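Q: sequence unavailable; structure follows:
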């Protein structure tokens, strides 16, 4: 169907449908949009309320956890939450419980008050005088001194002289002996630390890469475990030195909790808050940021020093995890200035927060919804609505398709009916014109001889028969379409039936030069049929074969028995039927497009009538055709 056919009469039907379809589609889209917006607003409000309730519960739970921590600390309980350490300082002695080493300390231990005169003389000879041999002899003697500090310093001097004189094996032996003096300090530094650094320096000078990396890794690990009591500057210096020797593969040396413990102690050491006017025996909980990490601390004064409970970000994060068990929530802690110190600042629009003044804690609490949970919730709800929209759209689309299809069929039927009326009018006009002309000639005595009058009567009789056949065909088709056709089934011998029928039809088309070629079956073939109806069906097939074979004047009729059925085939070598039209050719009013311009008469109901009749007999009509090669219509009837 062309675009122009869509807007042929009745145009108003299509226009109304298109208007209704567009309005309903627009209403569907607006409705889905409103539902999505409303659902999103309700879901947002619901989640905000849940967040506000969760942040209040979280703050209350944190208050309980901190109160429990304070009570345990004040009682001196050994069982403290994970991540909290208690540091006791008395008479310069620092003890950490549970037993973990601090990586660096507020100050180094006091240096030895006495220095051996002979050690000083040996050092002057070693570094200022020209007599290296005498210096070595003095250092060798002092290496056996009863004082461990003197032995360590002497061995360190020997190692330095041996390195200057490039006696590296002797220097390594010296450093090995120094490493055994674990309680001595040389120039304020632990002797075994100097031994490790010295050995690594020898390996670097002698380009022993494997030994250097091994010694540097051991030094790095000792620093990480807090083996020595160093101040922060010493710790950072030797850490960088070890990292430069190891290279890019050096692991992280400090954790956030390591920094928190060391910096928390350093802060209390410097400030000594228990000595301030008005200070009590116990401090309030305090949160600060030191070394880039949050540090939570509280203290209590003792006769010789103080005790402090110190916790880093691991403890604070564990607080968040304990008080907020829901996986769809995210927790963050803020300081007094609103800066996020634990967790991540909320990235979603939905969040709830409580300031420190409200929580009663030294930090504020923020909660937000996990982006994954937010996406999952919104996508699930939105997905349900979208599925509803898809179903509604599918229903609308299917309904529109069926309506359009129905309109298309009606437009097509309307066009076919118009063509049918035109064809029938033409069929009637020809015989009526002949009848009118001859009747006028007879009425006016213009036919003078009896021979001419007899021929005129014959023409009148033939045209009347033609009109009667046409009228009968239309009436029969009307009864078939209405389902009111009556059939009188009886046993019918196919060979005898076709012989009579073909003889009559052959006599009718012989003047036009057409021949019907067939051979009667050798065996008897019986079917149950209505003789008149089956005659009309076969006659229509023969008539079509003759009409649509303008070039070839032969039509073939073939009869055979196959699989318990009788097949009557009518074959021609005429115009043929295109493949795209073969499924529609049995519908009413349909005529092939290849006959246009050929002046071939017809109403378009012949094959539709054939199909009705044969189906009423329990059979079927088969078609095999190729344009330009002809067609074969086969009537298949059950054998009786």
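A: Received the coordinates, thanks. Note that this is a predicted model, so its numbers are computed, not measured.
Q: residue 509 - how many residues pack around it?
A: By the criterion of other CB atoms under 10 Å, residue 509 has 18 neighbours. Heads up, the C-betas are built off the backbone N, CA and C, glycines and all.
Q: I meant to write residue 292 there.
A: When counting by other CB under 10 Å, one arrives at 8 neighbours for residue 292.
Q: that one and residue 263 touch, don't they?
A: No: contact criterion CB atoms under 8 Å: residue 292 and residue 263 do not qualify, at 9.3 Å.
Q: pop the domain breakdown of the protein in here.
A: Per automatic domain parsing, the structural domains of the chain span 117-250, 486-638.
Q: tell me the buried residues in whichever strand or helix holds residue 615?
A: Using DSSP states H and E, residue 615 sits within helix 606-616. If you call a residue buried by 16 or more other CB atoms under 10 Å, then helix 606-616 has these buried ones: 606, 607, 608, 609, 610, 611, 612, 613, 614, 616.
Q: what's the closest non-adjacent residue to the first one?
A: This means residue 606. What sits nearest to residue 606 in space, not counting adjacent residues and going by CB to CB, 6 or more residues apart in numbering, is residue 540, at 4.3 Å.
Q: okay, the angle between the host helix or strand of the one you found and helix 606-616?
A: Assessed by DSSP H and E, residue 540 sits inside helix 531-547. When axes from the mean of the first three to the mean of the last three CA atoms, to 10 degrees is applied, the directions of helix 531-547 and helix 606-616 differ by 150 degrees.
Q: show me what helix 531-547 is packed against.
A: Applying 3 or more CB pairs under 8 Å, 6 or more residues apart in numbering; DSSP states H and E, we find helix 531-547 packed against strand 490-493, helix 494-509, strand 554-562, strand 565-571, helix 606-616, strand 630-638.
Q: which residues are contacting that helix?
A: Helix 531-547 is touched from outside by 473, 476, 485, 487, 490, 492, 497-498, 501-502, 505, 509, 512, 514, 516, 555, 557, 568, 570-572, 574, 600-602, 606-607, 609-610, 613-614, 616-617, 631, 633, 635, with contacts defined as CB atoms under 8 Å, 6 or more residues apart in numbering.
Q: rewinding a little: what lines up beside the helix or strand following the helix holding residue 615 in the sheet?
A: Past helix 606-616, further along toward the C-terminus, the next helix or strand under DSSP H and E is strand 620-626. When pairing is defined by DSSP bridges, strand 620-626 lines up against strand 630-638 (antiparallel).
Q: possible to save the domains of the chain as CSV with distance to residue 26 and mean pLDDT?
A: Output for these, formatted as CSV (distance: least, CB to CB, whole Å; pLDDT from 0 to 100):
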stretch, distance to residue 26, mean pLDDT
domain 117-250, 64, 85
domain 486-638, 36, 85
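Q: can I get those domains in TSV including distance to residue 103?
A: Shown next, in TSV, are the domains of the chain (distance: least, CB to CB, whole Å):
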stretch	distance to residue 103
domain 117-250	5
domain 486-638	88
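Q: to residue 362, which of the ones you listed lies closest?
A: Closest of the domains of the chain to residue 362 is domain 117-250, at 24.7 Å (criterion: CB to CB).
Q: on that earlier part again, quick check on the contacts of helix 531-547: which are buried?
A: 473, 476, 485, 492, 497-498, 501-502, 505, 509, 514, 516, 555, 557, 568, 570-572, 574, 602, 606-607, 609-610, 613-614, 616-617, 631, 633, 635.
Q: and the strands in the stretch 301-450 of the chain?
A: 305-311, 329-334, 340-342, 351-354, 364-369 (DSSP state E, counting those that start in this stretch).
Q: of all those, which gets the most neighbours per residue?
A: strand 364-369 (a mean of 25; mean count of other CB atoms under 10 Å).
Q: contacts for that one next, please.
A: 47, 51, 54-55, 58-59, 62, 324, 328-336, 338, 340, 343, 345-348, 350-356, 359.
Q: what's the answer for stretch 448-465, then?
A: By CB under 8 Å, 6+ apart, the list of residues contacting stretch 448-465 from outside reads 431, 434, 435, 438, 439, 441, 442, 447.
Q: ok, residue 171 to residue 539 distance?
A: Separation of residue 171 from residue 539 (CB to CB, to the nearest Å): 128 Å.
Q: the more surrounded of these two?
A: For the pair residue 171 and residue 539, the greater number of neighbours falls to residue 171 (24 against 18), based on other CB under 10 Å.
Q: what strand or helix carries that one?
A: Judged by DSSP H and E, residue 171 forms part of helix 168-179.
Q: list the buried ones in that helix?
A: Buried, per 16+ other CB under 10 Å, within helix 168-179: 168, 170, 171, 172, 174, 175, 177, 178, 179.
Q: which non-adjacent residue is nearest the fifth one?
A: Put plainly, it is residue 174. Nearest to residue 174 is residue 159, by CB to CB, 6+ apart, at 3.7 Å.
Q: now the last one
A: Spatially, and ignoring its direct neighbours in sequence, residue 179 is nearest to residue 195 (3.9 Å; CB to CB, 6+ apart).
Q: distance of that neighbour from residue 189?
A: According to CB to CB, residue 195 stands 10 Å off from residue 189.
Q: cool, residue 135 as well?
A: Distance from residue 135 to residue 189, by CB to CB: 22 Å.
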